[in-house]
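Undergrad: heads up, no residue letters with this:
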RNA sequence: UAAGUGAAUUAGAUGAUCGCGGGAGCAAUCCUGAGGAAAGUCCGAGCUCCACAGGGCAGGAUGCUGGGUAACACCCAGUGGGGGCGACCCUAAGGAAAGUGCCACAGAGACAUACCGCCUGUUCAUACAGGUAAGGGUGAAAAGGUGAGGUAAGAGCUCACCAGCAAUUAGGUGACUAAUUGGCUAGGCAAACCCCAUCCGGAGCAAGGCCAAAUAGGGGAGAAGGAAUUGCCCGUUCCGUUUUACUCCCGGGUUGGCUGCUUGAGGCAUUAGGCAACUAAUGUCCUAGAUAGAUGAUCAUCCUCGACAGAACUCGGCUUAUUGAUUCACUUAGCAU
């Protein structure tokens, strides 16, 4: 994931949460918002409920890896925010990946 | 061999593919990239800004001695006390004749007191008066303890030993220790207030600096005094008393980029000093700097693959969490020689 592919500003996150559509998976939550003036950007959110800093980092890295390898499958010209559910701390890489594919299909 | 005590080390490795942060380079590419606790934010400093002639009070911290350090509540070496057969471990350990306060329940009595008992006197007797801390009972704690003498009964009343106190002498830088002598003595709690000694400005990298953008030069109230001296007072300084100083309230705007940002009371080795903590000299090494926040995924091999856990200005400590090993020194018990 390059820097320009990331969603950074607090304002952008708020827009996606307020106006976007939501899809729930087993371990992940996906927020989608179509935008006209930008390419696709992705943000990851892992709350402190998931675990301590080590656990949160692990979940973030796995999600980032999955997103990087499947970048082509994401919709174009969208802001996407992935949120990790509390269960995700027990999920393996494969489980997260299958969850990710299912969310994209729906 | 078993049980144990005290230290120290390590924190998976190697290779392949894809991928991320930082640095160098025109580029290809190369180099580099989390911990022993990075944690808790509990102490102490550096650094930055604010304030600062000075004095006093309040408040806080520390509390056996000597040393180490930039500093500390930390470390080292000792002293006293407590625990363990021992290696060793624990210890907020100044002052109780400056004052105040507290000592539950029980008990006659918790700091000045005779409940039972014992003895003496008066009395036929009950009872009363006096003496008495040896015995009983209560309690965490009750007039130093044990033995002997002594006495109406007793009591450091007398003596011996032990404990405690004071003085002298000796040793030690000192906490203190030892010996001798003396008078034989009326609790505990200061992690209760307090007293004594020593030390102490405030806020923190979202500190602070630069650049850019944006908004505003506003409205209302108080007002002859106000502000600074970051708790208070004295003192000092500054501004204002002609609406304009100043204070409070309302309203409006900004939270982008660069910098601070990693070379430091730094690590390692040798030598010298010191019991040690540590210090000095010389040589050598450069080892993260992100900002929605960089270390992952998959596979193979080795030996079973591991716990706690993720830098956010930087150091020195403390405390807490924790797996599997390895090494060294020592103690006790048993067996063999």
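TA: Thanks, I have it. A quick note: this is a predicted structure, and the numbers were derived from the prediction, not measured.
Undergrad: list the beta-bridge partners for the spatially most central residue of chain A.
TA: Centroid-nearest residue in chain A: residue A:82, 2.1 Å away (criterion: CA atoms, centre = their mean). Residues in a beta bridge with residue A:82, per DSSP bridges, are residue A:30, residue A:44.
Undergrad: I'd say it and residue A:27 touch.
TA: No - contact criterion CB atoms under 8 Å: residue A:82 and residue A:27 do not qualify, at 10.1 Å. C-beta coordinates here come from the backbone N, C-alpha and C atoms, glycine included.
Undergrad: just the pLDDT for the nearest residue to residue A:43 once chain neighbours are set aside.
TA: Using CB to CB, 6 or more residues apart in numbering and skipping residues adjacent in sequence, the residue nearest residue A:43 is residue A:7, 3.4 Å away. We note a pLDDT of 72 for residue A:7 in this prediction.
Undergrad: ok so, going back, how far away is the residue nearest to the centre of chain A from RNA strand B?
TA: According to CB to the nearest atom of the strand, to the nearest Å, residue A:82 and RNA strand B sit 10 Å apart.
Undergrad: who's in contact with that residue?
TA: Contacts for residue A:82 (CB atoms under 8 Å, 6 or more residues apart in numbering) come out as A:28, A:29, A:30, A:31, A:42, A:43, A:44, A:45, A:63, A:67.
Undergrad: pull the number of nearby residues for the last one.
TA: The reference is to residue A:67. Neighbourhood size, residue A:67 [other CB atoms under 10 Å]: 18.
Undergrad: for it, which residues are in contact?
TA: Taking CB under 8 Å, 6+ apart, we find residue A:67 in contact with A:1, A:42, A:44, A:74, A:82, A:100.
Undergrad: from these, pick the one nearest RNA strand B.
TA: Set against RNA strand B, the nearest of those by CB to the nearest atom of the strand is residue A:1 (5.8 Å).
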